[in-house]
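# for reference, the sequence and a predicted model appear below.
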Amino acid sequence: MASEKINYMSMAVARKNSNTDRHGKKADKKFDTTDTVSLLSMEELEETFSDDIERRKSCTDFALLSYAYQSSGRKAENGKLTGVFWSRSAYAAHYVRAVHSYGSWYCSSVNRYVLGSVPALSLNLQSLISARSASASEIFETKTTNNGKEKHFLKIGEYPKTKASNELQQTLENLFNGGTLQTGLTCTGRLFTSNGQREYNKDFLSKQNPEFEYNGKKYVRNIAWKNREYKFADGSVVPETGTPVWVEVEPVTFEIKNWNRMPKSVNPKGKFFGADTTIDLVSEEIVLSGLPFYPDYDHRNCSMWQSSLQRCFLNSARSDELDGNPDFDTPYKWDFSKSGFLYQALDLTREPTREYIIPEYEKEIADYAFAGCVGIEKIIVHDGVKKVGKNAFAGCDFKFAYKLKGQTSTILSREKPKGELENLVELGKLAKTFKDFDYGLIFGNFNLEILNKLAESLNKNKISFPYVFVKQLIDKGMLENFQDLCDVRFLKSEDGVDLTKNERYGQLTMEEKFDYYKFMLALGCFSKDKVLDKNGKETEVLLAQKATSAFSQILKSEMLKIGDFHGLFDSLPLETKPNQEFLKFISQVGDKKKLLNLGLLLDLNKSHPGMFVKVMTNFDRAKTFRTTLNEQGKPTTLSWEDALKKFYTSEKYVGVTSETQDIAEVFGGKGLSQQTFQQGVALRKKAKEKGVGEHILGKPFREMTILESIEQIKSETESILKDSKTLLDELYAKQFTFEMLSKHDPRNAIMGLYASCCGTITSSFYGKYIAQSSVVAEDVQNLVVRDSKGEIIAKGTMYVNAEQGYAVFNDFELNQKYREYENNSGRYTVSSDAQKHKEHERDLIFDALMRGTMGFVKEWDAQHPNKPIQQVNVGMGYNRLKAQCERFKKATHNLSVPSEYSFQDAESEQHILYDRQQILKQGGIEK
Amino acid sequence: MKINLNQTKLVGLTMDLDLKTKEYKLLCKELEELKDQKIDPNDIIFVDLAQRFLDNQEEIKAIVKQLKEIKD
C-alpha cells in the first residue's frame, strides 16, 4: 500500500466546526471555523468515546521523540502507555481543555510542548474506495477491544511512527555516515516537519526530518528531543536529546467514527438508505508532539481554535488564508502549505524538496533544523535570521555559501553557483577546519573573507579548531588578531606534544576543547606580542613562542591533565589578556623538574574554588599581596601560598558582617562591585532603622509548587495511616466473640484461671463444684468470651432447666486485666470517668455474652419448640459485670438451681436477661 | 458457627487498608525517583502524581471512615 501514490489530501472534506470563545463558552456562530483537519472538541470527545478508558491515547514513537509526555502505568486500548493531548475547546483565557493520560479531562496552558495532537478528518467515501484498488473488507480493519467492543480502522497516508529496531538503527546510521547512500540507503528528498522551538512563548521553528528508503521501507532520521526516560513501543528508552533515531514511515491508523452509518457495501450491518457519504476519522494515536496549542501564552485569543498553531499546522495552511472571524485572527504569519500534517501525511504524490526557503517569520534556525537533510540542494536564508542553532545543518552536503549580487539572503548550495555573486565561501574547507561546523558562522554581517583566510591557513597546517571557539572569536571581534598565529606553529615544534592528536584530546567534548583553547589563548599561545626583557623593553621573541613552550611543559608534566581543563577554565573569559609574569610564575621549575607554582595553584584551587582563574586574570594585583608589614611594622615578603590566599580572600567585599553576609554572597555570586554591595547594605540598614518587617502579612506567604503539594498530601496520608493503625489496634483489641465451650474442653475444669475466679476443680471455695458441674453435669455449660487473639477472658456458667424452660447463670466472671480499675464498692464497676474506655470494653464483653445468650435461646427454641426457654436469669453475687446486668430488671422470684451445682452467686439476687413473655408482648423474639 | 458481621467487615477493611498502604508506598517510591531526576517542581508529571496521591488519600480516608463507624 505504501507504494501507491494516492493523494488522500484531495479526498478530504472540509467541515464546519463550532467552537468555544476564549473562555471556553460555546457561544454563537461567530466562533465557527471550516477545517479539513481538526482536533476534536470536548463534546465530540465525550460523544466519540464512551468512557475515560476509551478516550485514552498512546503516543507513537515519533511523538515521543518530540517531547511528548508518557504516563507511567496507564495504558490505552491498544496496550501502549498513554500520553496527553489537546482538544480544540478552550477552558479559560490561556488554557485549553486537554485529555489526561487517565482519559479524563484537565486543562493545560496553551504554550506546553508535552501535549500531542490527535487529528480528526473526513474523507469522501466514494473517492477513497475508487482510489484504493481493493475491496472494502481489505481497506477497513476490525479489531475487538478488551471489553469485547468491535472497532473499525482505516490506514491511510504516511507519517513517521515506529522506531526502527536497535539493530536496524545501527545499520541505517552506519550507511548514512558511511556515505553509502547510493547503494544501501536512498534519500527520497521528502521531509516531515516538526517544531524545533525549545523555548516557551516563542514562535514555531521548522525542524525537518528527512526521509530515506531502505529495503523497500521508508524511514526518517529524527534527532531526539527527549522529555523523560519514556519507553518506545519496543520497550527501549528514548535516547538523549540530539541523538539520531530512525523512525519508520507508516500509514496513519485512523479509527472510523461513523461505521454504523456506513453504506452496506462497506459495513454489511450498515444502511441501505441515508448512509453517510463521508468517512469520519480520528487518529488512533497521538501522532506528533512538541507543538503548542498557541506559542504565546499572553495573547488574547491564544486559547481559541481559530487562531491556533495546531489548526494551522494540522491543516497545512497559511495563517492568513484560514477562514474565521477577523476579530480572532492571529498576528503570526505561519505558512505550513508545504510542511503541515495534512500535506505531509496525506498527499503521497508530493514532490521531493530540493530547494528550501526559510520562511520570513522564522528569525532563528532551530538546533538540528536540517540535520541529515542530504536531499536539499539549496537553502535560502533571509537576512532576518539572527541565530542559528547548534548542528542546524549537520550532515548537509552544502559546498558553497554566497549572496546574489544586490540581494541580502545567503544561499547555501551544493552546486557551484553561476552569475554575479558576492562573498562566495567554500564550505568544505570551513567544515574541515572547524570541528562540528554548522554553517551558522556565515550568516549575518561578518566578513567572510577573514574566515576564508583563516580556514586556508589552518588547512595548510592540518589543524582544526572547535566551531564554538571560532564562533566566539567572531562574536567578540577577536578573529582578526587571532588568525596570524592560529597555526600553533610553536607547539608543533615541541617534542612529544601533538596538540590535536593527543589521545585524551580526541575524547574531549566540544565544550571541553573550547576551554582548552581558551586557556591557550589566555596564556598567550596565539599572541603576536613580543616578550619584554627585565627592563620592560621588547625582545625579538614572540610571546606566542614563550607561552606555547610553557603550555607544552604543562602538558608534559601531566600536573594539569587535558580532561581537567573544562572544570578549571569554564569560567575563564575569552578576552583574558596574556600576562607575561603569570606565564613566568607558572613555568617556574623546582626540584625534580616539577612546576612548583602550577602545583601550588592547582592545590589551592581545590580548597579555594575559582582560585586559578582569579589569579590568572588578576595576576598583577595578586602578586602585590606578597609584600606586607610584619608585627614590628617592617616590610616583609609572604610565601606565595599565603599571599594568594590573602588575595583570594580580599576579593570578597570589604566590610562584610554576619548581618550582611547574605548580601555579599548573592551580590558576589553575580560579580557585582563593592559600590553595589555597599548600596545593598545601606538599603538593608535603612529598612532596619524603619523597623520594616520581612512580610506585610507578618509571615511568609507563597504558593506551593506541585511537588510541595505532593509532600503535603504525603504527610497528611502518613498521619491518616498512623491514626488508622492505632484505630485498627483498638478495634482488634475489642473484638470479643462468644462460644458455648465444649464440655469436653479441658479448660472447663480450670476455667477460674482464665476468668480470674475460684472456678477451678482445685479451689477450696464453691467454685470447685461449678467447675466440676460444667464438665460432668448434662445441664450445665460454660458460655465463654474470647478476645481477638482467641484467649478466653470471660465466662458465665449456665444451668438449663429443660423441663421448666429456663436457664440461670451463676454470674459473669472477668479476666483480671479487665478488672484493674474496679472500685471497691462491691459493685465491680470502674471507678472514674477517666476510665470510661475500660467500662466500654466491659460493655463489649457483656454484649458478647448477651449475643451468646440470645443465640443459645434461639437455637434451643428451634430444637425444643414445645418447651422453649421462658426466662434466663443471672446471679448478681460476685458478678463482675454487675453494672451491665443491673440495666436489666431484677427478678422478683429467683429461678432455682440444684444445690449440688453450688450456684451461690445466684442465690440472693437475680436479674432477668431474657423474658419470653415480655418479648412476646413486644412482638416476638426476632424483633 | 455464628457470623460476627462487624468482625468480617473489619477484616475486609484491614485488607483494603493494607492494599492502599502498599499503593501509597509505591507512589512514594515513584516520587523519589522523579525527585532524583531533578525535574522542575511544577512539571506536569507532578500534576499526574499529585492526583494519584490525592486519590489514594481519599480512598484511605473512606476506609478509615468505615473503621470509625465500626468503632462507634
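All right, it came through fine. Keep in mind it's a predicted model, so treat the numbers as computed, not measured.
# switch to C-alpha atoms for all contacts and neighbour counts from now on
OK.
# element containing the closest residue to chain B within the stretch 801-927 of chain A, please.
Of all residues in the stretch 801-927 of chain A, A:Gly855 sits closest to chain B, at 8.5 Å by C-alpha to the nearest C-alpha. Element membership for A:Gly855 (DSSP states H and E) is helix A:836-863.
# show me what that helix is packed up against.
strand A:737-740, strand A:780-786, strand A:792-801 (3 or more C-alpha pairs under 8 Å, 6 or more residues apart in numbering or on different chains; DSSP states H and E).
# what's the mean pLDDT across it?
Averaging pLDDT along helix A:836-863 gives 88.
# now swap in stretch A:361-369 and tell me
93.
# repeat for stretch A:622-638
80.
# what lies in contact with that stretch?
Where contact means C-alpha atoms under 8 Å, 6 or more residues apart in numbering or on different chains, the residues beyond stretch A:622-638 that reach it are A:Val615, A:Ser639, A:Trp640, A:Asp642, A:Ala643, A:Leu644, A:Lys646, A:Phe647.
# residues contacting the closest residue to A:Gln816 other than its chain neighbours?
Leaving aside its chain neighbours, A:Gln816 sits nearest to A:Ser756 (5.7 Å; criterion: C-alpha to C-alpha, 6 or more residues apart in numbering or on different chains). Taking C-alpha under 8 Å, 6+ apart, we find A:Ser756 in contact with A:Glu813, A:Leu814, A:Asn815, A:Gln816.
# these two touch, right, A:Lys432 and A:Ser464?
Yes: at 7.0 Å, A:Lys432 counts as touching A:Ser464 under the criterion of C-alpha atoms under 8 Å.
# what number of residues lie near residue 41?
Looking at chain A here, since you left the chain open. A total of 21 residues lie near A:Ser41 under the criterion other C-alpha atoms under 10 Å in any protein chain shown.
# was after chain B, sorry
18.
# hang on, the earlier thing: report the buried residues of the helix holding A:Gly855.
A:838-839, A:841-842, A:844-854, A:856-858, A:860-861 (16 or more other C-alpha atoms under 10 Å in any protein chain shown).
# how far away is the residue of the stretch 301-450 of chain A found nearest chain B from A:Val118?
Relative to chain B, the nearest point of the stretch 301-450 of chain A is A:Ser303 (18.5 Å; C-alpha to the nearest C-alpha). Counting by C-alpha to C-alpha, to the nearest Å, the gap from A:Ser303 to A:Val118 is 17 Å.
# between those two, which is the more surrounded one?
Per other C-alpha under 10 Å, whichever of A:Ser303 and A:Val118 has more neighbours is A:Ser303, with 32 against 26.
# thought the more buried one was touching A:Arg22?
Yes: taking contacts as C-alpha under 8 Å, A:Ser303 lies within contact range of A:Arg22: 5.3 Å.
# what touches both of those two?
Common neighbours of A:Ser303 and A:Arg22 (C-alpha under 8 Å, 6+ apart) are A:Ala90, A:Tyr91, A:Ala92, A:Ala93, A:His94.
# name the nearest of those residues relative to chain B.
Nearest to chain B among the shared contacts of A:Ser303 and A:Arg22, with distances taken as C-alpha to the nearest C-alpha, is A:His94, at 16.1 Å.
# that closest one reaches A:Pro295, doesn't it?
No: judged on C-alpha under 8 Å, A:His94 makes no contact with A:Pro295 at a distance of 10.6 Å.
# where do the contact lists of the two overlap?
In contact with both A:His94 and A:Pro295: A:Val110, A:Cys302, using C-alpha under 8 Å, 6+ apart.
# now the longest helix along chain B: buried residues?
In terms of residue count, the longest helix belonging to chain B (DSSP state H) is helix B:5-36. Within helix B:5-36, the residues scored as buried using 16+ other C-alpha under 10 Å are B:Gln7, B:Leu10, B:Leu13, B:Thr14, B:Leu17, B:Lys20, B:Thr21, B:Tyr24, B:Leu27, B:Cys28, B:Leu31, B:Leu34.
# in the stretch 251-400 of chain A, which spans are strands?
A:278-283, A:355-357, A:364-365, A:378-381, A:387-388, A:400-404 (DSSP state E, counting those that start in this stretch).
# columns distance to chain B and mean neighbour count on top of the ones you listed, output as CSV?
Listed next are these as CSV, based on distance: least, C-alpha to the nearest C-alpha, whole Å; neighbours: other C-alpha atoms under 10 Å in any protein chain shown:
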stretch, distance to chain B, mean neighbour count
strand A:278-283, 24, 21
strand A:355-357, 36, 13
strand A:364-365, 26, 22
strand A:378-381, 36, 20
strand A:387-388, 27, 18
strand A:400-404, 42, 21
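# redo those strands as JSON lines? Include distance to A:Thr188.
Formatted as JSON lines, the strands of the stretch 251-400 of chain A follow (distance: least, C-alpha to C-alpha, whole Å):
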{"stretch": "strand A:278-283", "distance to A:Thr188": "26"}
{"stretch": "strand A:355-357", "distance to A:Thr188": "14"}
{"stretch": "strand A:364-365", "distance to A:Thr188": "23"}
{"stretch": "strand A:378-381", "distance to A:Thr188": "16"}
{"stretch": "strand A:387-388", "distance to A:Thr188": "26"}
{"stretch": "strand A:400-404", "distance to A:Thr188": "23"}
